[in-house]
Every structure is written in structure tokens, then in C-alpha cells.
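Peer 1: Here is a sequence together with a model predicted from it:
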Amino acid sequence: MNYAEIYERWLGDERLNEEAKAELLSVKDNLEDVEYRFGAELEFGTAGMRGIIGYGTNMMNVYTVKRATQGLAEFIKTLGAEAMQRGVVISFDTRLKSDEFAKAAAEVLAANNIKAYLFSDVHPVPMLSFAVRDLHTIAGVMVTASHNPKQYNGYKVYGEDGAQMSPEDTAVVVDFISKITDYLGAPTPTAEQVKKYIKAVPNKVDKHYYKELKKLTLSKKAVKACGKNLKLVYTPVHGSGYVPVTTILKKIGINATVVEAQKNKDPEFSTVAVPNPEYKETLAMGIDLANKIGATVVFGTDPDSDRLGVAVKNKAGEFEALSGNQVGILLLDYILTRLSEDNVLPKNAAVVKSFVTTGMAKAICAKFGVTLYEVPVGFKFIGEKIKLWEKNAEHTYVFGFEESCGYLRGTHARDKDAVVASMLCAEMVCYYTYKGTTVFDRLNAIYNTYGYVLDKNVSIQYKGLNAMKEMNAVVDGLKTKPVEKFDIYKVTSIRDYSKNIKTEVATGEKSEIGSPLTNCVYYELENGSFICVRPSGTEPKLKIYYSVKANNKADAEAALEKMQVAVEDLLNSLK
């Protein structure tokens with residue numbers, strides 16, 4: 001059946017709601033739009049599914065959500081009656097239709113006699129992850145598209161450990177989903193099933209979460225001295241971070257001035273172009289407020305509050321937006337410094353980062369005698385390390401982070417947590433204020449200590465139904481191209497993560513990387529720099545990561561420019 005036939009079948013189905021019918025009729029003469037909507041199925045990967053809100057098999061709507069949830073229900077039923085009774089906890093953010101999709105998911109579970117705990121209002125990713133663990137549910141569902149533009153929404157599934165569902169279990173769920181061909185045929189619960197199986201998440205879960213976060217504070221003396229009078233600006237960018245971030249800061253005694261115009265829920269995110277706090281433009285209103293009140297740090301969270309963006313005032317008095325890598329090394333340095341100063345840094349302490357995250361983490365961990373592990377992109381892999389070490393006690397987890405503004409201290413959650421990161425960021429400002437310095441000064445002191453590293457990632461946008469196929473083809477093409485250098489930087493080895501093989505350029509010697517498989521090519525360069533190319537798992541973007549080590553910022557920027565030209569030439573040679 002082709003896309004036009006599927007489109008007509010949907011339109012002719014009496015079960016289609018009126019909103020869907022009107023929307024689909026409005027695009028009847030736009031064949032390109034109809035093909036996009038029905039020419040494919042929204043892919044459900046290891047990060048769940050994410051797409052543009054609208055009706056069709058390739059869009060985020062109540063029918064694709066119900067279909068996915070029915071697949072999850074079939075998986076849970078194979079685990080037995082106990083798993084069904086433990087149930088699933090469901091949360092949602094401030095995006096358009098997030099609450100509607102969450103309610104629809106709960107109803108499908110109830111129709112399958114599976115308990116569903118549903119939050120009564122928006123709660124961020126980390127609190128969903130925590131709730132899975134606190135309520136001992138068999139799974140969790142988060143309705144969000146994270147930092148994507150307002151047109152998007154998504155659906156993420158979590159395992160019983162609070163981390164995003166493992167690739168193995170996800171494959172089983174996907175198999176169940178793929179067998180469901182009737183998108184409009186999800187079961188509807190009876191009134192009795194709704195009453196019996198859909199439960200509100202108890203208020204105690206929130207209290208338990210804040211209690212766990214308070215245990216993670218590191219500088220009580222500095223907070224007591226400076227917290228109440230701190231000049232710090234926070235913006236939730238209309239997302240789910242407002243209540244939890246302001247609550248935890250109040251509980252530990254830190255004053256933060258909130259951007260009033262961005263504290264309310266707004267699915268249009270009307271004050272920003274994109275609700276991604278890693279962009280300086282997204283923090284613009286916060287920066288304006290900071291300039292008015294004399295603050296030196298601005299921080300913001302994205303719609304589902306799993307990412308933290310930070311801007312700091314430099315020596316010239318202007319605000320600079322820090323990269324996720326820079327915030328990561330600041331937090332890493334701060335955490336290890338404070339644990340060491342208080343003589344509570346575990347002897348078997350370990351830090352985990354994704355392999356595309358800054359190479360500077362290695363030097364910082366080495367100074368403190370802390371083991372550093374690298375994992376593929378995706379915070380679930382950091383969660384897997386936590387789970388492993390809880391079982392074998394080989395290491396004590398102290399911090400994990402990704403360059404995409406994701407950070408986690410503590411094991412209360414198993415996904416990136418911008419609430420705890422916000423708490424640590426505010427506390428870090430207190431600490432350096434107490435010490436008579438600033439966050440910006442500390443960042444430069446880190447560079448002076450370990451050498452300058454410039455980290456940057458570039459995204460190439462793809463469009464259309466074949467976007468993922470085209471991006472993977474580019475990465476596959478790179479594997480066949482021998483590369484010895486990128487301008488002034490020689491390549492020492494090449495990692496092919498799709499085969500788990502690392503090849504030494506000089507000798508041709510091969511060795512195992514020891515990592516889960518993912519389609520990615522990683523070039524190790526002679527001075528500790530690297531270049532990595534991979535397709536995004538959540539957006540139609542080919543991502544290129546650069547980590548450039550040099551004597552100073554000017555040298556790094558000059559080298560980066562040359563490396564980017566060399567990479568562009570390499571990609572053009574594949575066409």
C-alpha cells in the first residue's frame with residue numbers, strides 16, 4: 001500500500017477524530033506533504049521516537065503515541081503479572097499536546113490491565129527517571145522533544161533502573177510496535193479499568209527527589225555566607241524546570257532572580273526562536289536582566305529540564321555563552337576539588353563521559369587520580385555504568401556528562417539532570433564568590449593549568465524521508481577513505497564504532513574499542529585532539545565534533561579553521 005492509499009484509508013476511517021480529519025483534508029492537494037506524513041513510519045529507536053506534531057504515520061500524534069504504548073504494553077505483559085502490577089510512571093513537559101499524549105499513553109496501559117502512574121502536572125526528565133526508581137515501576141514514559149523547535153514532540157521509554165530503555169529491550173518493544181498495522185485500533189479502557197489502573201503519582205515522590213538532591217551539595221559554608229545575596233539569573237525558558245529548580249535553590253538557601261517573562265508554561269516558546277539554552281540567543285532575556293542587576297552568571301534549562309545552558313560575564317564585561325563542554329569541565333573541576341578538599345573523594349572514584357565530549361576531562365581526572373570512562377552518545381550508556389558499578393563495586397560514580405549540555409551528579413536519576421546541575425551551578429557561583437573570584441576566572445585558570453582545548457560541533461541539516469539513510473551513507477563512505485591527516489594535524493588512529501574496531505594509521509594494527517556498536521567514525525589526532533562524525537539519533541542532522549588542543553585560544557581557533565576546511569574537502573570527495 002503506497003502513501004496515498006494509506007492517507008485515503010485514514011481519511012475514510014470513522015474512528016479518526018475531527019481535528020485529524022480537518023488537518024488531513026487541508027493538505028489534500030499538497031502531495032509532498034502527504035508523502036511526508038504517510039510515506040514512512042515514525043522511527044522508534046533507542047531514544048524513543050521524536051517528530052513533528054501532526055497527523056500521519058510519520059508524525060507525532062495521539063495515534064502514533066497509542067500505537068507505541070500498545071507495543072510497550074505487549075512487552076510488559078511478557079514479563080508477567082508482577083510487572084503489570086508494578087506498572088509504568090508517565091510524565092510530560094510543556095510542549096504542545098504533551099499532556100494529551102501522556103493521558104493517551106496511560107489509557108492504553110489501563111486498557112491492557114497495566115497500572116499507570118500519571119503526573120498531574122509537568123515534571124522534567126530527571127524527576128521521571130527518579131520516580132521510576134522511587135515507585136519501583138517496571139518502566140517509565142516521558143513525553144517530550146527535549147530542546148527541539150516547538151513544532152516537535154516525542155516519546156521516550158525508560159527501563160526499571162530509571163535509565164532510557166536498553167537497546168535489547170527496545171528492540172523487543174519495536175518488534176511488537178511493528179506488528180501493529182491498525183494505527184487507529186488501540187484499545188480504550190473501560191471506566192472500571194481507568195479507576196483501577198490509572199493512579200496519580202504520590203506527592204511524596206517529589207519530596208524524596210528534593211531530599212536526595214540536598215545530599216549532593218558540596219559547599220554549605222560558602223552558600224551560608226553568600227547564598228542569600230547572590231546575584232544569579234535563572235530562566236526556565238517556559239519549560240518544566242521552573243518549579244523544581246527554584247524549589248531546590250530555595251531549600252539550600254541560594255537566591256536566584258528568575259526571568260519573569262519566561263517562567264510560565266508556553267508551548268509556543270514565544271520569547272525564543274528555539275528553546276535550547278546552549279544558544280546565547282535563548283538566554284538573551286536572562287542576560288539583559290543580569291546586566292540590570294549586576295549578575296555575572298546566567299543559566300537556563302530546556303523544556304524537559306535535562307539540559308543546562310550557562311552564560312558568564314568575561315573580563316570585558318560582556319556575557320559569553322559557554323559550551324556544554326566548558327560547563328562540563330567547570331562542574332567536573334568543582335566537584336573533584338570540593339570532594340578532595342573535604343577528604344571525601346572515593347579512592348575508586350570514576351567519571352563517565354561520551355566519547356565526543358571534550359578531551360580535557362582526561363587531564364582533569366588524571367590530576368585527581370580519578371578513572372575516566374568513555375561511552376557512546378546517549379546518557380543511557382552512562383546509566384549502564386552506574387548500574388554495573390552498583391553491582392560489582394569496582395568504582396564509585398561521582399559525575400557523568402555529555403557535550404550536549406547534559407550532566408548528572410548522584411545516582412538518584414539515570415538520565416541527565418538539569419535540576420541538580422542548576423543547583424551545583426548556583427553553588428559553584430557561591431563557592432567562587434566566597435573565594436573572591438568568578439566562574440569565568442576559574443575557567444581560564446583551568447586552561448592555564450591543563451592547556452587550551454577548543455571544542456566545537458557542527459551540524460549539517462538533512463531533509464526528507466531518506467534523511468537518516470543519507471546521513472548513514474556519508475558515515476559509511478568515510479570508513480572506506482584512508483585519511484592520514486587533517487591539514488596540520490596527523491591522524492594517529494581511526495575508530496570505527498560500527499565494527500568496534502580501532503585501526504592504527506602507521507602500522508595498520510587493529511584492536512577492539514570495547515564499546516556498544518553505533519555508526520560513527522572517530523579520528524584520533526597526534527596531540528590529543530580528535531574529530532568525530534556521526535548521524536544524530538534524534539534529529540535529521542549529521543554531526544561533526546572537533547576537539548582541538550593548542551597552546552592558546554588563538555592557535556586553537558586557527559587550527560580549527562584549517563581542520564574544518566579539510567573535513568569539508570573530505571566530505572565533498574564522497575559526493
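Peer 2: That came in fine, so what should we check first? Every value quoted in this text rests on a predicted model; they were computed, and no experiment measured them.
Peer 1: element containing the closest residue to Ala366 other than its chain neighbours?
Peer 2: The spatially closest residue to Ala366, leaving aside those adjacent along the chain, is Leu372, at 7.8 Å (Cβ to Cβ, 6 or more residues apart in numbering). Yep, even glycine has a C-beta here, placed from its N, CA and C like the rest. Per DSSP states H and E: Leu372 is located in strand 371-375.
Peer 1: Which helix or which strand is home to Glu212?
Peer 2: For Glu212, the host element (DSSP H and E) is helix 204-214.
Peer 1: And the average pLDDT for that helix is what?
Peer 2: Averaging pLDDT along helix 204-214 yields 98.
Peer 1: Equivalent analysis for stretch 164-172, please.
Peer 2: On average, the pLDDT along stretch 164-172 is 93.
Peer 1: Name the residues of it that are buried.
Peer 2: 164-166, 169-170, 172 (16 or more other Cβ atoms under 10 Å).
Peer 1: before we move on, what about stretch 97-113?
Peer 2: 97-99, 101-112.
Peer 1: So for that stretch, mean pLDDT?
Peer 2: 98.
Peer 1: re the thing from before, I'd assumed Ala363 was in contact with the residue nearest to Ala366.
Peer 2: No. Contact criterion Cβ atoms under 8 Å: Leu372 and Ala363 do not qualify, at 9.6 Å.
Peer 1: So Glu281 belongs to a helix, correct?
Peer 2: Yes. If the criterion is DSSP: H, G, I helix; E, B strand; the rest coil, then Glu281 is within a helix.
Peer 1: Distance-wise, check Leu345 relative to Met84.
Peer 2: 43 Å (Cβ to Cβ, to the nearest Å).
Peer 1: wait, doesn't Gly514 sit right on Ile501?
Peer 2: No. Between Gly514 and Ile501 there is no contact under Cβ under 8 Å: 10.7 Å.
Peer 1: Show me which of the two is the more surrounded one.
Peer 2: For Gly514 versus Ile501, neighbours defined as other Cβ atoms under 10 Å are more numerous around Ile501 (14 against 8).
Peer 1: Just give the nearest non-adjacent residue to the more buried one, would you?
Peer 2: Nearest one to Ile501, counting by Cβ to Cβ, 6+ apart, is Lys510 at 5.5 Å.
Peer 1: what about the strands in the stretch 151-300 of the chain?
Peer 2: Using DSSP state E, counting those that start in this stretch, the strands of the stretch 151-300 of the chain run over residues 152-158, 198-200, 232-235, 257-258, 297-301.
Peer 1: In the sheet, which strands lie alongside the third one, parallel or antiparallel?
Peer 2: With DSSP bridges as the test, strand 232-235 is paired with strand 257-258 (parallel), strand 297-301 (parallel).
Peer 1: Deepest-packed of the ones you listed, please.
Peer 2: strand 297-301 (a mean of 29; mean count of other Cβ atoms under 10 Å).
Peer 1: List of residues touching it?
Peer 2: 124, 232-237, 239, 241, 245, 277, 282-283, 286-287, 289-290, 307-313, 319, 418-419, 422, 425-426, 429, 439 (Cβ atoms under 8 Å, 6 or more residues apart in numbering).
Peer 1: Ok, stretch 213-223 next?
Peer 2: 248, 251-254, 334-335, 338-339, 342, 409-410, 412, 419-420, 423-424, 427-428, 430-431, 433-435.
Peer 1: Show me how to select, in ChimeraX, the buried members of the residues you listed.
Peer 2: Those of those that count as buried under 16+ other Cβ under 10 Å are selected in ChimeraX with:
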select :248,252,253,254,334,335,338,339,409,410,412,419,420,423,424,427,428,430,431,433,434
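Peer 1: Which ones among the contacts of stretch 213-223 map onto helices?
Peer 2: Residues of those located in helices (DSSP state H): 248, 251-252, 334-335, 338-339, 419-420, 423-424, 427-428, 430-431, 433-434.
Peer 1: check contacts around Thr396.
Peer 2: So Thr396 contacts 346, 348-350, 389 (Cβ under 8 Å, 6+ apart).
Peer 1: Which pLDDT value belongs to it?
Peer 2: 98.
Peer 1: Check Val377 too.
Peer 2: In this model, Val377 carries a pLDDT of 89.
Peer 1: Helix, strand, or coil at it?
Peer 2: Val377 is classified as coil under three-state DSSP.
Peer 1: Then Tyr523?
Peer 2: Applying three-state DSSP: Tyr523 is strand.
Peer 1: Setting aside sequence neighbours, what's the nearest residue to it?
Peer 2: Ile531 is the one closest to Tyr523 (Cβ to Cβ, 6+ apart), at 4.5 Å.
Peer 1: Can you get me a residue count around that neighbour?
Peer 2: 24.
Peer 1: can you check Lys347 too?
Peer 2: 8.
Peer 1: do the same with Val88
Peer 2: Neighbour tally, Val88, other Cβ under 10 Å: 28.
Peer 1: isn't it right up against Met142?
Peer 2: No. At 10.9 Å, Val88 and Met142 do not qualify as touching, with contact defined as Cβ under 8 Å.
Peer 1: Could you confirm Tyr569 falls within a helix?
Peer 2: No, residue 569 isn't Tyr; it's Asp. Yes. Assessed with three-state DSSP, Asp569 lies in a helix.
Peer 1: ok, it to Glu470 distance?
Peer 2: Distance from Asp569 to Glu470, counting by Cβ to Cβ: 19 Å.
Peer 1: What helix or strand is Val34 located in?
Peer 2: helix 31-38.
Peer 1: what's the spacing between that helix and its chain's center?
Peer 2: 29 Å (Cα atoms, centre = their mean, to the nearest Å).
Peer 1: And the strands of the stretch 151-300 of the chain: which comes nearest Glu484?
Peer 2: Smallest distance to Glu484 across those (Cβ to Cβ): 40.4 Å, for strand 152-158.
Peer 1: List the contacts of the closest one.
Peer 2: Residues from elsewhere that reach strand 152-158 (Cβ under 8 Å, 6+ apart): 47-53, 60, 65, 68, 72, 95-98, 101, 105, 125, 128-129, 132, 139-146, 148, 164-165, 170, 173, 414-415, 538.
Peer 1: Sort out which residues of stretch 433-447 are buried, please.
Peer 2: 433-434, 438-440, 442-443, 446-447.
Peer 1: Now stretch 56-75 - C-alpha only, PDB.
Peer 2: Taking C-alpha atoms only, stretch 56-75 is exported to PDB below (Å, rounded to 0.1, in the frame of the first residue of the first chain):
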ATOM      1  CA  GLY A  56       0.100  10.800   9.800                       C
ATOM      2  CA  THR A  57       2.200   7.700  10.300                       C
ATOM      3  CA  ASN A  58       5.400   9.700  10.200                       C
ATOM      4  CA  MET A  59       4.200  12.400  12.700                       C
ATOM      5  CA  MET A  60       3.700  12.800  16.400                       C
ATOM      6  CA  ASN A  61       0.000  12.400  17.200                       C
ATOM      7  CA  VAL A  62      -2.300  10.600  19.600                       C
ATOM      8  CA  TYR A  63      -2.400   7.600  17.200                       C
ATOM      9  CA  THR A  64       1.300   7.100  16.900                       C
ATOM     10  CA  VAL A  65       1.600   7.500  20.700                       C
ATOM     11  CA  LYS A  66      -1.100   4.900  21.300                       C
ATOM     12  CA  ARG A  67       0.500   2.500  18.900                       C
ATOM     13  CA  ALA A  68       3.900   2.900  20.600                       C
ATOM     14  CA  THR A  69       2.300   2.400  24.000                       C
ATOM     15  CA  GLN A  70       0.500  -0.700  22.900                       C
ATOM     16  CA  GLY A  71       3.800  -2.100  21.800                       C
ATOM     17  CA  LEU A  72       5.200  -1.300  25.200                       C
ATOM     18  CA  ALA A  73       2.200  -2.900  26.900                       C
ATOM     19  CA  GLU A  74       2.700  -6.100  24.900                       C
ATOM     20  CA  PHE A  75       6.400  -6.200  26.100                       C
END
